[in-house]
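Undergrad: Take this sequence and fold it.
(chains A and B)
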Amino acid sequence: NAGVTQTPKFQVLKTGQSMTLQCAQDMNHNSMYWYRQDPGMGLRLIYYSASEGTTDKGEVPNGYNVSRLNKREFSLRLESAAPSQTSVYFCASSGETGKYYSNQPQHFGDGTRLSIL
Amino acid sequence: GQQLNQSPQSMFIQEGEDVSMNCTSSSIFNTWLWYKQEPGEGPVLLIALYKAGELTSNGRLTAQFGITRKDSFLNISASIPSDVGIYFCAGAIQGAQKLVFGQGTRLTINP
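TA: Just a heads-up that it's a prediction; the model follows:
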């Protein structure tokens, strides 16, 4: 009964280091998303994957890359971390087959808290 | 791009009081969603609205999809301490893959 699982939960990086955030869902959802959450900014979409094999940019994609490894897993990579990328990162999934309006993110992980010094 | 204005940004109330918050947009949405986020956790879906004028309840929570399709409202009746958290609205256009989120309303309850 895990839902959306994100690893790690916390991470501290130095400027210029690289890192991959992992996300996996066990609900057989088609779509997966990466958001970042900053104080007073709500949730902003970084990248999304409508279905296995596809990825698209969201509102704030610069400095990030993603990989939809399979239907279950969607990873977010920071190639050269910058202090402006300090944030809480959330992965979400949606798209239960056969449900109307199924493509709205409805299931979030508990987040990865990333600090870049 | 599309933006949602959520108000108020924060609320400090006494236990037992009713709560009202709203979300407005300059764009028309076909779906409105309300989420709650507690410290250290991800947002959890509370209510989903899919039709203009729709009024939907989930326990003490009631949300409405505005007739103009540019706004939505969330009410919490008889607040209790576990209602504390940040409430987010989110909107989507039909067929769109992406949600737009409001900035959140932080609810604090004095027992």
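Undergrad: With chain B as the reference, measure out to the residue nearest the centre of chain A.
TA: Closest residue to the average C-alpha location of chain A: residue A:34 at 2.5 Å, with CA atoms, centre = their mean. Taking CB to the nearest CB, to the nearest Å as the measure, residue A:34 falls 12 Å from chain B. Yep, even glycine has a C-beta here, placed from its N, CA and C like the rest.
Undergrad: do the same with residue A:54
TA: Applying CB to the nearest CB, the value for residue A:54 to chain B is 10 Å.
Undergrad: Shouldn't that residue be within a helix?
TA: No - counting by DSSP: H, G, I helix; E, B strand; the rest coil, residue A:54 falls outside a helix, being coil.
Undergrad: Convert the C-alpha atoms of the helix or strand hosting the residue nearest to the centre of chain A to CSV, please.
TA: Using DSSP states H and E, residue A:34 falls within strand A:31-38. What follows is strand A:31-38, C-alpha atoms only, in CSV (Å, rounded to 0.1, in the frame of the first residue of the first chain):
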residue,chain,number,x,y,z
SER,A,31,1.2,9.7,-15.9
MET,A,32,3.9,10.9,-13.6
TYR,A,33,5.1,14.4,-12.6
TRP,A,34,7.9,16.2,-10.8
TYR,A,35,7.1,19.4,-8.9
ARG,A,36,9.2,21.7,-6.7
GLN,A,37,7.7,23.5,-3.7
ASP,A,38,9.2,26.8,-2.4
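Undergrad: buried ones in that strand?
TA: By neighbour count on 16 or more other CB atoms under 10 Å in any protein chain shown, the buried set for strand A:31-38 is A:31, A:32, A:33, A:34, A:35, A:36, A:37.
Undergrad: wait, isn't the third one in contact with residue A:76?
TA: No - taking contacts as CB atoms under 8 Å, residue A:33 lies outside contact range of residue A:76: 10.1 Å.
Undergrad: who touches both of those two?
TA: A:47, A:91 (CB atoms under 8 Å, 6 or more residues apart in numbering or on different chains).
Undergrad: one step back: so which elements touch the strand holding residue A:34?
TA: Strand A:31-38 is packed against strand A:19-25, strand A:42-49, strand A:74-78, strand A:87-94, with contacts defined by 3 or more CB pairs under 8 Å, 6 or more residues apart in numbering or on different chains; DSSP states H and E.
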